[in-house]
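> take a look and give me a structure for this.
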Amino acid sequence: MGSIVSIDNVVKEYHLGKVIVPALRGVSLEVHEGEFISIAGPSGSGKTTLLNLIGCVDTATSGKVEVAGRDTATLTERQRTSLRLDTIGFIFQSFNLVAVLSVFQNVEFPLLLQGRLKAADRKAQVMSLLDQVGLSSHAKHRPSELSGGQRQRVAVARALVTEPKLVLADEPTANLDSATGQNIIDLMKALNQRRGTTFIFSTHDAKVMSHANAIWQLADGKILGKSGPVAGAPIPAEARP
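You can find the predicted model right below:
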């Protein structure tokens, strides 16, 4: 399989008044379809910035960001929105669930934005995902009625309901206890293996990194190197270059 993400000499700078703050300093990396990749590094290393560039939430100051074969800098805002909606799923460390919506409605929301499925088909797809994450019995609950681990599982289901090729997870276990965090990573890994979905997740947790096929180390906005694949977690044949 080919690359689903290609980053070439990317620089990202933020302007705070007259001060220029570099977030990424010439980052290059490539991720192939079906991989389960970790972007590892301490807080402030640029992990979230990198995920935001891949997710078309932000644009690079210079360099090239390609997602699913498309140079994101050449896309219109409408095209970037379409790429985010159709190709990319997001899992945030703060869950980002809509408090006034039920679990079912939170997961259904991306399908409503796409506007392609009839109500019956949306229901079937949502309930299938909720069943996979073990929350079909909680479909009518509000996020406030769930534990942190349950809310993160809802976020995983929401990220996967459109069947994206790529899922970006920003510190997905940061607000969870170690056992619950382990369950979330196991769930993501199982879905990666069953569906072939590419996962890129950021973390500074060594236990989380141990599940990755490969780890890109990031510090001070620079790639220090790539390690892996981790023993016991071989890269699938279809994901190899």
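
> drop to CA atoms for contacts and neighbour counts, all remaining ones
Fine.

> ok, Leu112 to His32 distance?
Applying CA to CA, to the nearest Å, the value for Leu112 to His32 is 29 Å.

> same deal with Gly134?
Relative to His32, Gly134 is positioned 29 Å away (criterion: CA to CA).

> more crowded one of these two?
Shown here are Gly134 and His32; by other CA atoms under 10 Å, His32 has more neighbours (20 against 13).

> isn't the more buried one up against Glu66?
No - counting by CA atoms under 8 Å, His32 sits too far from Glu66 to count as a contact (12.0 Å).

> which residues are common contacts for those two?
Counting by CA atoms under 8 Å, 6 or more residues apart in numbering, the contacts common to His32 and Glu66 are 4-5.

> now Ala190: which helix or strand?
Under the criterion DSSP states H and E, the helix or strand holding Ala190 is helix 178-195.

> check contacts around Gly196.
33-35.

> quick one: it and Ala190, what's the gap?
The gap separating Gly196 from Ala190 is 10 Å, by CA to CA.

> neighbours around Lys118, how many?
Residues contacting Lys118 under the criterion other CA under 10 Å number 10.

> if you could redo that for Ile39, that was the one I meant.
Neighbours around Ile39, by other CA under 10 Å: 26.

> that one against Ala219, yeah?
No - the pair Ile39 / Ala219 is not scored as a contact, 10.2 Å apart, by CA under 8 Å.

> got the contact list for Pro143?
Counting by CA under 8 Å, 6+ apart, the residues that Pro143 touches are 97-99, 101-103, 151.

> show me the shaky parts of the chain.
Applying pLDDT under 70 to the predicted model, the residue ranges of the chain that meet it are 1, 229-241.

> so where do the strands sit in it?
Secondary structure of the chain (DSSP state E): strands at 3-16, 19-32, 36-40, 62-67, 70-71, 88-92, 166-170, 198-203, 214-219, 222-227.

> among these, which is nearest Leu146?
With respect to Leu146, and counting by CA to CA, the nearest of the strands of the chain is strand 88-92 at 16.4 Å.

> ok, back up a step: tilt between the helix holding Ala190 and strand 36-40?
Helix 178-195 and strand 36-40 are oriented at 140 degrees to each other (axes from the mean of the first three to the mean of the last three CA atoms, to 10 degrees).

> what packs against helix 178-195?
helix 148-160, strand 198-203 (3 or more CA pairs under 8 Å, 6 or more residues apart in numbering; DSSP states H and E).

> could you dump the ones you listed to CSV with mean neighbour count?
Formatted as CSV, the entries for these read as follows, by neighbours: other CA atoms under 10 Å:
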stretch, mean neighbour count
helix 148-160, 24
strand 198-203, 25
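
> want to throw these into TSV with distance to Ala174?
Putting the helices and strands packed on helix 178-195 into TSV (distance: least, CA to CA, whole Å) gives the following:
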stretch	distance to Ala174
helix 148-160	11
strand 198-203	8
